[in-house]
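> here's my sequence, what's the structure:
(2 chains)
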2 protein chains.
Amino acid sequence: MNGRRPHVLIIGAGFGGLTAARRLARAPVDVTLVDRRNHHIFQPLLYQVATAALSPADIARPIRSIMAPFKNVRVLLDQVVDVDKHARTARFASGRSERFDYLIVATGARHSYFGRDHWSDHAPGLKSIEDATEVRRKILLALEHAETETDEAARKALLTFVVIGGGPTGIEMAGAIAELARRSVSEEFRHITPHCSRVILVEAGPRLLPAFPDDLSAAAKVSLEELGVEVILGQAVTAIDEAALAVGATQIAAKTVVWAAGVQASSAAQWLQADRDPAGRVKVGQACDLLDAPGIYVVGDTAHYIGPDGRPLPGIAPVAKQQGRYVATRIINDLRGRYTGPFHYRHFGNLATIGRRRAVIDFGRLRITGLPAWLLWSVAHVYFLVGFRNRLAVGASLAWNYLTFARHARLITGEYQSSAAQQPAE
Amino acid sequence: MNGRRPHVLIIGAGFGGLTAARRLARAPVDVTLVDRRNHHIFQPLLYQVATAALSPADIARPIRSIMAPFKNVRVLLDQVVDVDKHARTARFASGRSERFDYLIVATGARHSYFGRDHWSDHAPGLKSIEDATEVRRKILLALEHAETETDEAARKALLTFVVIGGGPTGIEMAGAIAELARRSVSEEFRHITPHCSRVILVEAGPRLLPAFPDDLSAAAKVSLEELGVEVILGQAVTAIDEAALAVGATQIAAKTVVWAAGVQASSAAQWLQADRDPAGRVKVGQACDLLDAPGIYVVGDTAHYIGPDGRPLPGIAPVAKQQGRYVATRIINDLRGRYTGPFHYRHFGNLATIGRRRAVIDFGRLRITGLPAWLLWSVAHVYFLVGFRNRLAVGASLAWNYLTFARHARLITGEYQSSAAQQPAE
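Predicted structure coming up:
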C-alpha cells in the first residue's frame, strides 16, 4: 500500500458502525465514518422520547463528539447512494466518492409495512428522532383535541391509541402510552379521566414477545393488562386509514396508530449486488463478509447472519455491537497477517420493559419479571448510554419521572394544526 | 350575571397571559386560556436552544401542567382568528367560538422584516421552539458542510455567521455562536480551527444595546470583540439572499444569517379594530384597556402603552408580566366594585449576556459588567424559569456547559440535506 495507511470506510454510526470505529480508533488505519445524521441515537430509549419522558438530546449524541478523541477517524455527514465493490469506491449524495480498502456496511433498518407503504402516513414507526417527535406530536394532539371534542364518536377515536406489533418496541410503547394517557396527564385535563383512554396492542402471532419463553410472554401480557392495555393476539391488521384500522374482522376507530411490526433493511443489498433475504438483509458469510468481495463486511440490522441454531440472528443492539467489534478486530488481524476465526454471537439475554416498574428479562435459565427486572433494565440502559453526560441526564430524568409521573418533554412542535380546520398562517 | 361566574378569556400563554391566568386562578371567575401551542416558552433562553446548549424541553413547559392546580382555568389549544368586541365573542381556527365578559389579549409579537418578508427564508428569527431548532440546524449544517468543502470561497461563506440586530437577543446570539463555532466544536472537526469562523454582528444604529447607557453599550462591544465577534455599527442591511447579504456598500458572503432586528405585533389590532402603531401594536389606555370596549385589555408585546417618559414601554418580559398581573387585579377589583388606578410599570433594570461569562446589567445608578453581571444573570434566569424541574435541569445544564464547554443538544433534525444535492429518499 505504498506507505499509505489502509482506509476503512464505515457507513452508518448506529451501534454496529460506532463500535467498529471505536475498535479501529487506535489501529494503524485511516477511518472514515459516514452517517446521514450528525447524531448517534440510543434506539432502545426512543419510545421514551415518543412518550415525552425524555428529550431527544437525552438519547442522542453528536457522532463528532464521540469520535473527537480519535485522530485517525474522520466523520462525514453524508448519505451513500451506491457502492462499486469491484472498484472499491462508495458514492455519496453530495457527489463525493470515497475509495476504500475495507468497507463496513452498518446502515441499519427502517420500518416495513409489508408492501403497504401508504400505511406509513397513518401509522408512523419508531426509528429516528424525527419519528419519535412525530409520534409524540400525534399522541399529545389527540389528547388536546379530545379535551374539546363534543361529538362522542370522534372523541372516542381521539382517545384510542393502537400499537401494532408485540415485540419489545411495541410492548414498551403500549405501556408508556397507557401511563401517559391514563395517568400522567389526567390531572391536567378537565374532560379526560384515566378511564377515558383506550390503549390497544395488536400482535398477529399467537403471543407477545415471540423471542422470549412462553411464561415471560404471559407475564408481559398480564403486566400490560394491569396498566390498562387491551392485548389482541392472533389477528392481523388488514387496513389502516386516517380514522380507523381493521384488525381481523373488527373495525377500530383510532386517530393514533403506532407501527412496531416489521423492519426492512437498508438498500445495502442493492448497492452491493448481494443476495438478500425477504427483509432485504444481505446474506453474509460466517465472518460477516461478502463471499465475492474480500474486505467488505455487513453488520447489524443490515446483515442476515445464520446463527448456530440455523436461524438468522435477531436485529438487536448486542448483535450489531458484537459484529462491529468482530469485523474491526478481523481487519486489524488481517493487516498483521493473523488469522481470525468466524464470528460467534454471545447472547446475554432478552429484555423488555413495560411501563414504569415492570419488565421481563430472559437470561436463559434465569427469568426475571416485575420490579426487580425493571430495576435491572434501568441500570443496564443508563449504563449503556453513550456519553457520560447523557447517562447522568437520563438517570436524573428517569428518576424524576418515576417519582413524579411527570412527562417533562411534552412539547407539540411543528406548525399548529386544528382538528377541524387548517387555519391561515398568522 | 344571573349566578353564572364571569368568564375571562385570555389569548396567549406567554409571560403576560400566564401571569394574568395565575392571578385569576383563585378568583371567583371562570378563566379560559387559549394558545396555539401547547407549551409556554421561556423566551430569554431561546438563544441557548438555537446554539445547542439547552434542549427545547429545558425551556418549555406544557401550559396544562402549569395550570393543572387551578380548577377554574380551562386550557385550550387553538388559534384566534377574529374577535367581535361588541358581541364579546372570539372565533377560533377550529371553528369554535367563545363568549367572554372580560378579554385579555396577550398574543405577543413575531419578527418583522420591515416589509421584506422574503428575507425570512434566509434569515430566520428567534421566537419559537421551531425557530430555535431551525437556527440550530442551519449553524450545525454549515459547520458540517464546511468540514468537507474544498472550494475556498464556498467554505468561507459556510463559516461566516451573521447576526442582524444589536439588541439583547442579537448580542446573546452572536456571543453564543462565537463560542459554539470557535471553541466548542473545533476539537471535533479536522479542518475547522477556532480561527476559521467569522461571526459578524450588524446594527443599523450608532451603538449596541440602544436601551442601555452608553458605557454599557461600549462594554458589550468590547466583550463581544474579545470573543472574536466583528461588530459593524451604523450600517443597515439592504439585501439578503441564500448566499450573501449587503451591509451598506459591502457584500458579505454568508450561508447562515440570523434575524434579531425587529418585531411586529400579532394581528390583534386588526381583530379589535383598534388604533395601532407602526409595529402593529394596539394603542391602549393607561389601564391597558381599549377606550371603546370596556373589559377588553391588551398586554405585553401586543400593546403600545405610553410610559411616564412619553415613550412606549419596551417589549420585554417584565412589562408583559406586570401588565398581566395588573389587568387581572383590575378585573378582580371590578367584580368587587372597587376602583383600580392606572398601570405603573416598575423598571428593575436591563440585562444582556454575552457568551459564557460576561454580561452587562443596568440597574439605573448601578451598572455591572463582566463576570459578576454574568453570575447575576444566571441566577436570575434560572430563578425565573417556570416550573421547578426546569430550574433544576437548566441550572445543571448551564453548570455542566460552563465546566466543559459542551453543547449537548447538538442535533440536526429534519430531513437530511446535502450541500451539493438533494438525494433520493432511501
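
> residues near the closest residue to residue A:114 other than its chain neighbours, how many?
Using C-beta to C-beta, 6 or more residues apart in numbering or on different chains and skipping the chain neighbours, the partner closest in space to residue A:114 is residue A:262 (6.0 Å). All C-beta atoms are positioned from the backbone trio N, CA, C, and that covers glycine. Here the count is done by other C-beta atoms under 10 Å in any protein chain shown, and residue A:262 has 17 residues near it.

> thought residue A:262 was touching residue A:115?
No. Taking contacts as C-beta atoms under 8 Å, residue A:262 lies outside contact range of residue A:115: 10.3 Å.

> hmm, back to that, who's in contact with the residue nearest to residue A:114?
With contact taken as C-beta atoms under 8 Å, 6 or more residues apart in numbering or on different chains, residue A:262 is in contact with A:111-114, A:165, A:279.

> how near is it to chain B?
For residue A:262, the distance to chain B equals 17 Å [C-beta to the nearest C-beta, to the nearest Å].

> quick check: which element contains residue A:74?
Taking DSSP states H and E as the criterion, residue A:74 maps to strand A:73-77.

> and that strand, what's its mean pLDDT?
In this model, strand A:73-77 has a mean pLDDT of 94.

> what do you get for stretch A:39-58?
Averaged over stretch A:39-58, pLDDT sits at 88.

> so how far does it reach from one end to the other?
Stretch A:39-58 has an end-to-end distance of 12 Å (C-alpha to C-alpha, to the nearest Å).

> so it, near chain B or not?
Yes. For stretch A:39-58 and chain B, the contact criterion (C-beta under 8 Å from any C-beta of the partner chain) is met by A:39, A:55-58.

> with those residues in mind, which one is nearest to residue B:296?
Distance to residue B:296, by C-beta to C-beta, is smallest for residue A:55 among the residues of stretch A:39-58 next to chain B, at 38.6 Å.

> so what's the gap between stretch A:208-220 and the chain middle?
A distance of 20 Å separates the C-alpha centroid of stretch A:208-220 from that of its chain, computed with C-alpha atoms, centre = their mean, to the nearest Å.

> for stretch A:71-78, same thing?
24 Å.

> mind checking if the strand holding residue A:74 is in reach of chain B?
Yes. Part of strand A:73-77 sits near chain B under the criterion C-beta under 8 Å from any C-beta, namely A:74-77.

> what residues does stretch A:229-244 touch?
Residues outside stretch A:229-244 that contact it (C-beta under 8 Å, 6+ apart) are A:116, A:119, A:121-123, A:157, A:164, A:166, A:174-175, A:178, A:198-208, A:221, A:224-225, A:245-248, A:250-255, A:257, A:261.

> how many neighbours does the residue of the stretch 51-200 of chain A found nearest chain B have?
As assessed by C-beta to the nearest C-beta, chain B sits closest to residue A:93 within the stretch 51-200 of chain A, at 3.2 Å. By other C-beta under 10 Å, 20 other residues sit near residue A:93.

> is it true that it touches residue A:78?
Yes. With contact defined as C-beta under 8 Å, residue A:93 counts as touching residue A:78 (6.1 Å).

> what stretches of the stretch 101-250 of chain A score poorly on pLDDT?
A:184 (pLDDT under 70).

> chain B contacts on that one?
Near chain B, when you scan the stretch 101-250 of chain A using C-beta under 8 Å from any C-beta, you find A:110, A:129-130, A:133, A:140-141, A:144-145, A:147-148, A:185, A:187-190.

> in helices only, show me those residues.
Judged by DSSP state H, helices contain the following of these: A:129-130, A:133, A:140-141, A:144-145, A:147-148.

> now do the helices in the stretch 301-426 of chain A.
Applying DSSP state H, counting those that start in this stretch to the stretch 301-426 of chain A gives helices spanning A:317-335, A:370-384, A:388-404.

> mean pLDDT lowest for which of those helices?
Among the helices of the stretch 301-426 of chain A, helix A:388-404 carries the lowest mean pLDDT, a mean of 63.

> for residue A:275, which residues are in contact?
With C-beta under 8 Å, 6+ apart, residue A:275 has these contacts: A:269, A:282-283.

> need those residues in a markdown table (columns: distance to chain B).
Below are the contacts of residue A:275 laid out as a markdown table (distance: C-beta to the nearest C-beta, whole Å):
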| residue | distance to chain B |
| --- | --- |
| A:269 | 13 |
| A:282 | 15 |
| A:283 | 20 |
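
> I'd like to know which of those is nearest to residue B:82.
Of all these, residue A:269 has the smallest distance to residue B:82: 56.5 Å, by C-beta to C-beta.

> number of residues surrounding the closest one?
21.

> distance of it relative to residue A:281?
Noted for residue A:269: a distance of 7 Å to residue A:281, by C-beta to C-beta, to the nearest Å.

> residue A:188 too?
44 Å.

> give me the more crowded residue out of those two.
Per other C-beta under 10 Å, whichever of residue A:188 and residue A:281 has more neighbours is residue A:281, with 26 against 19.

> tally of neighbours for the residue nearest to the more buried one when sequence neighbours are not counted?
If the residues on either side of it in the chain are set aside, residue A:281 comes closest to residue A:304, at 3.8 Å by C-beta to C-beta, 6+ apart. Other residues within reach of residue A:304, judged by other C-beta under 10 Å, total 22.

> do residue A:266 as well
If you count neighbours by other C-beta under 10 Å, residue A:266 ends up with 24.

> gap between it and chain B?
Computed as C-beta to the nearest C-beta, the residue A:266 to chain B distance reads 7 Å.

> for the nearest residue to that residue once chain neighbours are set aside, what are its contacts?
In space, residue A:266 comes closest to residue A:107 once its chain neighbours are excluded; the distance is 3.7 Å by C-beta to C-beta, 6+ apart. Residues in contact with residue A:107 (C-beta under 8 Å, 6+ apart) are A:11-12, A:80, A:265-268, A:302.

> ok, now residue A:335?
With contacts taken as C-beta under 8 Å, 6+ apart, residue A:335 has the following neighbours: A:6, A:27-29.

> ok, residue A:214 to residue B:37 distance?
Here residue A:214 is placed at a distance of 47 Å from residue B:37 (C-beta to C-beta).

> residues near residue A:297, how many?
Residue crowding around residue A:297 was assessed by other C-beta under 10 Å; the count is 31.

> for it, which three-state class applies?
Using DSSP: H, G, I helix; E, B strand; the rest coil, the structure places residue A:297 in strand.

> show the pLDDT at it.
Residue A:297 is assigned a pLDDT of 97 by the prediction.

> ok, now which ones touch it?
By C-beta under 8 Å, 6+ apart, the contact list for residue A:297 reads A:102-105, A:284, A:287-290, A:327, A:330.

> what of residue A:320?
Contacts for residue A:320 were tallied using C-beta under 8 Å, 6+ apart; they are A:14-16, A:19, A:106, A:299-301.

> circling back: any idea how far the next helix-or-strand element following the strand holding residue A:74 is from the chain center?
Moving toward the C-terminus from strand A:73-77, the next helix or strand (DSSP H and E) is strand A:80-84. Counting by C-alpha atoms, centre = their mean, strand A:80-84 is centred 24 Å from the centre of its parent chain.

> please apply the same query to stretch A:180-193.
Here stretch A:180-193 is found 28 Å from its chain centre; the criterion is C-alpha atoms, centre = their mean.
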